[in-house]
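[1] Model the following, please.
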Amino acid sequence: MKLKSLFNNLVTRLVLFAIFAIIASATVRYFVVKNFLHQDQTVVAAEQQSVIANYLAQDINQRLMERRHFLEQLAATFPVDLLTKPPQLREWLRDRQTLNPVFSMGLYVADTRGIILADYPTSQGRAGFNIGAYTDVQSVRNGAVVIGEPLISPVSQQAILPMLAPVHDAAGRIVAVFGGTTGLNSPGFLDHLKAVRLGDAGGFLVVSPVKRLILASTDNGQALQPLPPLGADELMDKAVSGYRGTGMGRNADGIEEIKAMSAIGNTGWFVVARLPVAAALPAEARFLAVIMRGTLVQTIVIFFVIFMAVLWFFRPLQRAAALADKMTRGELPLTPLPVAHNDEVGHLTLAFNRLLARLKQHQAELQHQAHHDILTGLPNRMMLADRMLEAIALAHRDNTGVALLFLDLDGFKPINDTLGHKCGDQVLQEIAQRLLRVARHSDTVARVGGDEFVLLAHDLGTPLEFGARALAEKCLTVIAEPLSLQQTDWQLGVSIGIAVCEAGCDAEQLLQAADKAMYEAKRLGRGRYVIAPALEAAPA
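    Residues are numbered from 1 along each chain as shown. The predicted structure follows:
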């Protein structure tokens, strides 16, 4: 009677059915797992790599297009009358490079013969160098904007990517060649690939098929190295011939890999995401052994698993899943999920909460990086523009004024050249801290260039120029304090341009006026400040 009652128990029947199902399914799985791993899982891994490769290719293409569009804009607005005035031409290039330094190796202008007339930053041996023999220059003479193939610069001996654009005169004739060069491993271009990996053994390559050259790689040792010889890696040979997609094959070292190739839109280059098959898929024998051991363990403890799953596991999981689902649909704010028990579901919930926290932190970091200078932590030019608009609006509302101090360090370059960029960075960080000590809580200190800073202040009282002068004097004093670098005292100065407006004014005009006044301070001997003429109020 007891046996019959036990058999009629729903839990008992569920346990017996589960045991039978586990044994039957384990037997089937044993025979199909090999094909499953090599077919389905390989496809999944290849698709994942393809998505990542496409993303990287689009990212690199966007960086290339940013530089190309900037070069085209400069060529379209180029003042052709400066072609006969190399000093003024170099100053024009300096202003554009300072405002948007996307070309890490600088800008230059050559005449139609290919002889470089001026460059910035000035590179020894570049001015006067003849680039007319390069094929890309001939394409520019025919009116094309060219993203060149990577090469070793004959001037700097560094790996660079040249870009060239034609300069037209008023009659539409090509009168010059405008060029910009970027170091292949310069920050903000291809250097980010070094930090990206696929698992412990995978990685990425950026390949130029024309030169059969690896431009950038997760593995530093492969960067700027030629591809393996023909036949050593058949899938890579196929990609060089134009194939874009996924595949599996052995590399030059005999390791079987899953590869995904994606074209970088506006170049002939392509991105390769590669991962050894052994790292992409678990070992078959080990997986089968796990299945067999799992079958035995499941058969023994199935009753307890079912019982705990019903009473203790599923309800917290369902509750957490329901909350997460509402969050994804926007019905609830993104908040940490409650942890019912310290078990697998609890660990999963905690992992979700940690992922959520990291997502919020990452969003905050991206927001901070978009508006702050990486070296000093000060607001950058983008945030300064927002602060200027806010300050002008407040000044207009309160009938006060706005003062903008444009500061350019005097004597910074000798420190940077003598002691190196690391010491130069320390100097910039120290100067930033000194300016923050001078500024009030409501003021804004921003870094807008290499050694250029801006101090924005409002509500300085009246007359406004007196407050601006007092603020400039404090800046002169605090920056003149000695700097201890490598057990030696160094002293800097600063040239300051001041622009003030009593009522509503245009933010860009305010910045330009202060910048112009700063250059006047430098012309008058540096280590001083000059106040720009009063600005007219912007039209309402």
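[2] Might one say that residue 430 is in contact with residue 483?
    Yes. Contact criterion Cβ atoms under 8 Å: residue 430 and residue 483 qualify, at 6.4 Å. C-betas here are computed from N, CA, C, even on glycine.
[3] OK, contacts around residue 109?
    Residues near residue 109 by Cβ atoms under 8 Å, 6 or more residues apart in numbering: 78, 83, 89, 93, 116-119, 167, 176-179.
[4] If you could redo that for residue 177, that was the one I meant.
    Contact analysis of residue 177 by Cβ under 8 Å, 6+ apart lists 109-112, 114, 131, 137, 140-141, 164-167.
[5] which residues in the stretch 1-150 of the chain form strands?
    For the stretch 1-150 of the chain, the strands defined by DSSP state E, counting those that start in this stretch occupy 107-111, 116-120, 146-147.
[6] Between the contacts of residue 109, which sits nearest residue 387?
    Of all the contacts of residue 109, the one sitting nearest residue 387 is residue 93; the distance, using Cβ to Cβ, is 29.0 Å.
[7] so the nearest residue to the closest one once chain neighbours are set aside bridges to which residues?
    Nearest residue to residue 93, sequence neighbours excluded (Cβ to Cβ, 6 or more residues apart in numbering): residue 120, at 3.8 Å. According to DSSP bridges, the residues that bridge with residue 120 are residue 107.
[8] and residue 120, how many neighbours does it have?
    21 (other Cβ atoms under 10 Å).
[9] Residue 94 versus that one, what's the distance?
    Counting by Cβ to Cβ, to the nearest Å, the gap between residue 120 and residue 94 amounts to 5 Å.
[10] Ok, residue 424 next?
    Residue 424 sits at a distance of 18 Å from residue 94 (criterion: Cβ to Cβ).
[11] Please apply the same query to residue 177.
    Separation of residue 177 from residue 94 (Cβ to Cβ) stands at 19 Å.
[12] before we move on, what about residue 86?
    Using Cβ to Cβ, we find residue 86 at a distance of 12 Å from residue 94.
[13] Residue 118 now?
    Applying Cβ to Cβ, the value for residue 118 to residue 94 is 10 Å.
[14] the more surrounded of those two?
    For the pair residue 118 and residue 94, the greater number of neighbours falls to residue 118 (24 against 17), based on other Cβ under 10 Å.
[15] Would you mind pulling up the elements that the strand or helix carrying residue 522 packs against?
    Following DSSP states H and E, the helix or strand that holds residue 522 is helix 507-523. Counting contacts by 3 or more Cβ pairs under 8 Å, 6 or more residues apart in numbering; DSSP states H and E, helix 507-523 packs against helix 381-398, strand 402-410, strand 493-501, strand 529-531.
[16] what would these look like in CSV with mean neighbour count and distance to residue 264?
    Shown next, in CSV, are the helices and strands packed on helix 507-523 (neighbours: other Cβ atoms under 10 Å; distance: least, Cβ to Cβ, whole Å):
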stretch, mean neighbour count, distance to residue 264
helix 381-398, 16, 27
strand 402-410, 26, 38
strand 493-501, 25, 43
strand 529-531, 22, 48
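[17] Distance to residue 510 added to these, as CSV?
    Shown next, in CSV, are the helices and strands packed on helix 507-523 (distance: least, Cβ to Cβ, whole Å):
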stretch, distance to residue 510
helix 381-398, 7
strand 402-410, 5
strand 493-501, 5
strand 529-531, 13
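[18] Indicate which one of these is closest to residue 241.
    In terms of Cβ to Cβ, the element of these nearest to residue 241 is helix 381-398, at 43.7 Å.
[19] got the contact list for the closest one?
    Applying Cβ under 8 Å, 6+ apart, the contact partners of helix 381-398 are 370-372, 379, 400-402, 404, 444, 446, 448, 454, 456-459, 501, 503-505, 507, 510-511.
[20] All the helices of the stretch 1-150 of the chain, in order from the start?
    Under the criterion DSSP state H, counting those that start in this stretch, the stretch 1-150 of the chain contains helices at 2-8, 10-36, 42-76, 86-99, 135-141.
[21] Partner strands of the helix or strand hosting residue 214, with direction?
    Assessed by DSSP H and E, residue 214 sits inside strand 213-217. The pairing partners recorded for strand 213-217 under DSSP bridges are strand 203-208 (antiparallel), strand 225-226 (antiparallel).
[22] mind putting those strands in CSV, mean pLDDT, distance to residue 338 and mean neighbour count included?
    Below are those laid out as CSV (pLDDT from 0 to 100; distance: least, Cβ to Cβ, whole Å; neighbours: other Cβ atoms under 10 Å):
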stretch, mean pLDDT, distance to residue 338, mean neighbour count
strand 203-208, 84, 40, 22
strand 225-226, 85, 53, 12
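[23] Pull the distance from stretch 225-236 to the chain's centre.
    30 Å (Cα atoms, centre = their mean, to the nearest Å).
[24] Now do that stretch: distance from first to last residue.
    One end of stretch 225-236 sits 14 Å from the other (Cα to Cα, to the nearest Å).
[25] Where does pLDDT dip in the stretch 301-450 of the chain?
    For the stretch 301-450 of the chain, the stretches with pLDDT under 70 are 301-318, 320-321, 340-341, 343-346, 348, 356, 360-370.
[26] what are the ranges of the helices in it?
    Taking DSSP H, counting those that start in this stretch, the helices of the stretch 301-450 of the chain run over residues 314-328, 344-371, 381-398, 412-419, 421-438.
[27] Tabulate these (CSV), appending distance to residue 221.
    As requested, these are arranged in CSV below (distance: least, Cβ to Cβ, whole Å):
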stretch, distance to residue 221
helix 314-328, 43
helix 344-371, 30
helix 381-398, 37
helix 412-419, 31
helix 421-438, 25
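[28] right, and the ones you listed - which one's nearest residue 62?
    helix 344-371 (15.4 Å).
[29] any shared contact partners between residue 118 and residue 94?
    Here residue 118 and residue 94 have no joint contacts, going by Cβ under 8 Å, 6+ apart.
[30] rewinding a little: of all the residues in the helix holding residue 522, which ones are buried?
    507, 510-515, 517-518, 520-522 (16 or more other Cβ atoms under 10 Å).
[31] Also stretch 137-150?
    Buried residues in stretch 137-150, counted by 16+ other Cβ under 10 Å: 137, 140-141, 145-150.
[32] can you check stretch 416-434 too?
    Neighbour counts over stretch 416-434 (16+ other Cβ under 10 Å) mark 416, 419, 423-424, 426-428, 430-432, 434 as buried.
[33] from these, which single one is nearest residue 327?
    Ranked by distance to residue 327 (Cβ to Cβ), those are led by residue 432 at 39.8 Å.
[34] Wait, the closest one touches residue 379, no?
    No. Taking contacts as Cβ under 8 Å, residue 432 lies outside contact range of residue 379: 10.6 Å.
[35] Residues that sit against both of those two, list them.
    Common neighbours of residue 432 and residue 379, counting by Cβ under 8 Å, 6+ apart, are 445, 447.
[36] Point out where the stretch 51-200 of the chain drops to low pLDDT.
    Using pLDDT under 70, the stretch 51-200 of the chain drops low at 191-197, 199-200.
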